[in-house]
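*Asks:* Compute the structure for the input listed below.
(chains A and B)
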Amino acid sequence: MKYSSKYSPPAPGLKIRLIKPLSNHFIDVFAKLDTGADITMIPQYVVDKLRLIPASRILVSTFNGYNKFKYTYFVDIIIHKYKFSMIETVSGRRQDALLGRDILNKLKIIFDGKNLNFDIQDP
Amino acid sequence: MITLVKTTIEVDDELWKRFSLLVLQERGGRKKNEVIVELLKRYIKERDFIYDKQQLEYILRIEEEREAFLKIRDKLIKDPKYKGKYIAVFRGNIVGYDKDKGRLARRVYKKYGYIPIYIGKVTLKERLVEIPSPELAKYEI
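*Replies:* I've put the predicted structure just below:
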């Protein structure tokens, strides 16, 4: 798969499906693979449109050490051809999702930054 | 239709006198309420409040369940059955526990429906996660 040139510099990303728990309601969004993120972040508009229900809250720390409480939401996620059920995520005001290591560590991913390609295998 | 609420707050007497005098000087009598509402709106706007009305309802219910969890947390930590595991709290009662939070969430949502149920870990530490992508700062997560 090609790196996305939507980001500068280009970044590995792909379309994923976010599914409301115990339902057939879903929204497809673009997601960036973010190995620096401990947890997956989904866009707030997905939370609103799917009427996701918060389950907990956690402290999120950003690069500048700024901490903020965020509510968490369980969703099913389909990435490439692999499905992950009941993944705890946080939401943020952005258009794309960030796939954190909570998901990425369940996959074998090969980054070829030099050729701007990546591959996802073996869930 | 807007629903109005009446609330009582305690503030420092000196602070209140200064505030009252300033409002009187700038806007005339009986305008303190108006200024307080403006301050509240500005406070919310500056913090980029992202939740819609429905989310706000859900969040307030989750906060109630969380309060119930915090009241019994110390007791739960001493119980090996719960310590270090995730518990589900609904209407102030424990309705499930598991070492896997996703499995617990699926189970309680199946049993009680997809409704606000607090799922938290029985530990004293607040969970802290890092999402260090610099672009998050501009989106004000």
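*Asks:* domain ranges for chain B?
*Replies:* B:13-46, B:53-121 (automatic domain parsing).
*Asks:* Can you lay out those domains as CSV showing distance to chain A?
*Replies:* Backbone N, C-alpha and C define where each C-beta goes, glycine included. Formatted as CSV, these follow (distance: least, Cβ to the nearest Cβ, whole Å):
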stretch, distance to chain A
domain B:13-46, 14
domain B:53-121, 3
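*Asks:* Which one, of these, ends up nearest to residue A:64?
*Replies:* Minimum separation from residue A:64 across these (Cβ to Cβ) falls at domain B:13-46, 17.9 Å.
*Asks:* Pull up the distance across that closest one, start to finish.
*Replies:* 27 Å (Cα to Cα, to the nearest Å).
*Asks:* gap between it and the chain center?
*Replies:* 25 Å (Cα atoms, centre = their mean, to the nearest Å).
*Asks:* what pLDDT does residue 104 get?
*Replies:* Since you didn't name a chain, this refers to chain A. Note for residue A:104: predicted pLDDT of 95.
*Asks:* Chain B, not that one
*Replies:* Residue B:104 is given a pLDDT of 97.
*Asks:* center of chain B, which residue is that?
*Replies:* Closest to where the C-alpha atoms of chain B average out (Cα atoms, centre = their mean) is residue B:63, at 4.9 Å.
*Asks:* residue contacts, the residue located most distally from the centre of chain B?
*Replies:* What lies farthest from the middle of chain B is residue B:25; by Cα atoms, centre = their mean that is 36.5 Å. Listed by Cβ atoms under 8 Å, 6 or more residues apart in numbering or on different chains, the contact set of residue B:25 is empty.
*Asks:* Tell me how far it lies from residue B:19.
*Replies:* For residue B:25, the distance to residue B:19 equals 11 Å [Cβ to Cβ, to the nearest Å].
*Asks:* Look up the closest residue to residue A:68, ignoring the ones flanking it.
*Replies:* The shortest distance from residue A:68 to any non-neighbouring residue, by Cβ to Cβ, 6 or more residues apart in numbering or on different chains, is to residue A:60 (5.7 Å).
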